[in-house]
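Asks: Just the structure for this:
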Amino acid sequence: KYQSLWGFDLVLKPVFLAGIMQETKNIPPGMLPQRARLLDRDLNRSAEHFGQPILRMPTNFFTHAVPASIKFQRLLCASQHANLDREQIEEIIDSLTNGIHLDKSLRDDKNSLILDGDFISQRLEKAGINKQLSASLQTDSQSLDVKELLKSNTNEAIRAGAYGVPTMLITAKQFKKPELFFGSDRFEQIAFLTGNKWLGPNVAIL
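Replies: As a prediction, this is how the structure comes out:
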């Protein structure tokens, strides 16, 4: 939303969150009893704030969704490996995100969510990826080159100081060296420090 307003170059780098958490000995919020009790309310507040109503966390989040998430990061690495342009990759990201968090038709009556090959194929189709390219990306996502790319990205993030996602490494004339920011609630701070205007999370509808 802010790319054209602030005039910055966005470089997307998929990482393996579980690898970051393990290496930095970070604990997922849902695993902390006090934090877990607030998590649903906190997510709903954030969703309302950003104008993105989301579904409740799947009941199989920790048993299935979390382990399956590496498939999506490898898929995004495969998309970059195949030299898809950024707009196509952003469409894939949006489609995957919507399928996980917004599409109620993909949940069963127990609020479980199955993240398998059929899910990926459907979301790629929604993103405008043809069947041939879809099959190629899914095959390439299992290749050693793509797995190594994801591993490299993850290690690079850890070296930069990441301990979770979203992590943003900002290069600007105001900074002597790239500055690291964590969390979707840091955009206002980034705007202040880089001399840009923050117009709220829903700038498109202001």
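Asks: Name all residues that make contact with the nearest residue to residue 17 once chain neighbours are set aside.
Replies: Using Cβ to Cβ, 6 or more residues apart in numbering and skipping residues adjacent in sequence, the residue nearest residue 17 is residue 165, 5.4 Å away. For glycine as for every other residue, the C-beta is placed from the backbone atoms N, C-alpha and C. Taking Cβ atoms under 8 Å, 6 or more residues apart in numbering, we find residue 165 in contact with 15, 17, 20.
Asks: Most neighbours among the residues you listed, please name it.
Replies: Within the contacts of residue 165, most neighbours by other Cβ atoms under 10 Å means residue 15, with 24 neighbours.
Asks: Contact partners for that residue?
Replies: Residues counted as contacts of residue 15 (Cβ under 8 Å, 6+ apart) are 73, 150, 153, 154, 157, 162, 165, 167.
Asks: continuing past the lowest-mean-pLDDT helix or strand in the chain, what's the next helix or strand?
Replies: Each helix and strand of the chain was given a mean pLDDT (mean pLDDT, DSSP states H and E); the minimum falls on helix 33-50 at a mean of 88. Taking DSSP states H and E as the definition, the helix or strand that follows helix 33-50 towards the C-terminus is helix 66-81.
Asks: ok and whichever helix or strand comes after that following helix relative to helix 33-50, angle-wise?
Replies: Using DSSP H and E, the helix or strand that directly follows helix 66-81 along the chain is helix 86-101. Put simply, helix 86-101 runs at 130 degrees to helix 33-50, going by axes from the mean of the first three to the mean of the last three Cα atoms, to 10 degrees.
Asks: other SSEs contacting helix 86-101?
Replies: Contact here means 3 or more Cβ pairs under 8 Å, 6 or more residues apart in numbering; DSSP states H and E; on that basis helix 86-101 packs against helix 66-81, helix 117-126.
Asks: Columns distance to residue 59 and mean neighbour count on top of the ones you listed, output as TSV?
Replies: Conversion of the helices and strands packed on helix 86-101 to TSV gives the following (distance: least, Cβ to Cβ, whole Å; neighbours: other Cβ atoms under 10 Å):
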stretch	distance to residue 59	mean neighbour count
helix 66-81	13	20
helix 117-126	16	17
